[in-house]
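Asks: I would like the atomic coordinates for the input below:
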Amino acid sequence: MVKQKKILNTLYQSNDNYAMVSAASIASLLENNGHLDEVNIFYCDYEISKESRDKLRSLVGNYKNGHIKFIDAKKYHKTLGELKVKPWHGVYITWLKLLAFGDLKLNTDRVLFINGHTIINGPLDELIELDFENNIMAMSYDCLLNEHKQTIGLRKTDGYYNCGIMLINHKKWIAEDATQKLKQHLKKKSDYVIADQDLCNVVFKGKIKTLDSTYNFSSAYYAYDLKMLLKTNDLKPNYFYSYESLMENYYSPKIIHSLFGIKGKPWEEGNDHPQRFLWDKYINKTPWRSAPRPVAARGVNWFLYDVLPNSLFMRLYIFAVRRKYGS
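Replies: I've put the predicted structure just below:
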């Protein structure tokens, strides 16, 4: 009997500003999945310099199972402009993956989108074998304030998912012409507060399989008192993970998503982020190991986080989050 190859297809996206960040994530992916037969990296490249592309090729070339292919995203950028899609922080980059999925030529039935703000902290074999159960994708819950769901037409008891990690059922995506459905929706509405994430939760409602939290473990779980965070954001087990299940993954999640940014991003100079040492470890495995990094800005929130009791800071947190994301 011929042994079936273990192949992981992945998709990253960025402009040149985040090439170093994505490189650290890619290094962590390859370091922790060297046992797989192939790790194929499709990189949706929007105006990345030749120097950065060469560095990424050099990085991936250090791993015998690693392969990288760049996708010129200019055509997607043009399409998004023609659809009059609302940019996210002034750019279209976060939207690119949704147009790229349908164009990928894969040797398996699935592709894993990985946000560059992540560290892969373990093997991903289970995602290669996961049963989609006829769903078009699989994602982990987002720990955002529960009230936000109502702003996009979801019920408070519906699941709300984070798009930082998206395991796409590629065969079903193609069969259902999901790209065209998204374009039609974007013609009518794209002004979501959380851009493509809100869009996916609306368009694919009822077609998303829930991934365990280990595959998209937010750095917010380390930055705040976990029980208080769940209570503050009104996150309950019938539409979110239980405290106990989160604690099962707390010390060794497979993918850590660095969302917390009050004390700087973990790849920035002078940050005080919970995962800064982990990021240093993987940046040092890339061609950017000696490159200058952006400097973490010490704002008022950093000061308040340090000096206020956790309970009082969480009151300010909920006020700020409700203003930005609530109903």
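Asks: what's the burial count for the closest residue to Leu211 other than its chain neighbours?
Replies: Spatial nearest neighbour of Leu211, excluding adjacent residues (CB to CB, 6 or more residues apart in numbering): Ser140 at 4.5 Å. Quick note: C-beta positions are derived from backbone N, CA and C, even for glycine. Other residues near Ser140 number 26, with proximity taken as other CB atoms under 10 Å.
Asks: can you check Gln4 too?
Replies: 8.
Asks: which residue sits closest to Val193, ignoring its sequence neighbours?
Replies: That would be Tyr325: by CB to CB, 6+ apart, it lies 6.1 Å from Val193.
Asks: scan the chain for its longest helix.
Replies: The residue-count maximum for a helix in the chain (DSSP state H) belongs to helix 310-325.
Asks: need the residues that contact that helix.
Replies: 144-145, 147-148, 151, 193-194, 224-225, 228-229, 232-233, 304-305, 308 (CB atoms under 8 Å, 6 or more residues apart in numbering).
Asks: which single one of the residues you listed is nearest to Phe113?
Replies: Using CB to CB, Ile194 comes nearest to Phe113 of the contacts of helix 310-325, at 15.7 Å.
Asks: could you check how far that closest one is from Asp142?
Replies: 9 Å (CB to CB, to the nearest Å).
Asks: neighbour count winner among those two?
Replies: Legend: neighbour count by other CB under 10 Å for Ile194 and Asp142, higher for Asp142 (24 against 21).
Asks: the nearest residue to the more buried one once chain neighbours are set aside: neighbour count?
Replies: Excluding its sequence neighbours, the residue lying closest to Asp142 (CB to CB, 6+ apart) is Asn162, at 3.7 Å. Neighbour count for Asn162, taken as other CB under 10 Å: 22.
Asks: ok, Asn162 touching Tyr141?
Replies: Yes. With contact defined as CB atoms under 8 Å, Asn162 and Tyr141 form a contacting pair (6.9 Å).
Asks: for the lowest-mean-pLDDT helix or strand in the chain, which residues meet the burial criterion?
Replies: Ranked by mean pLDDT, DSSP states H and E, the weakest helix or strand in the chain is helix 310-325, scoring a mean of 86. Buried residues in helix 310-325, counted by 16 or more other CB atoms under 10 Å: 313-314, 317-318, 321, 325.
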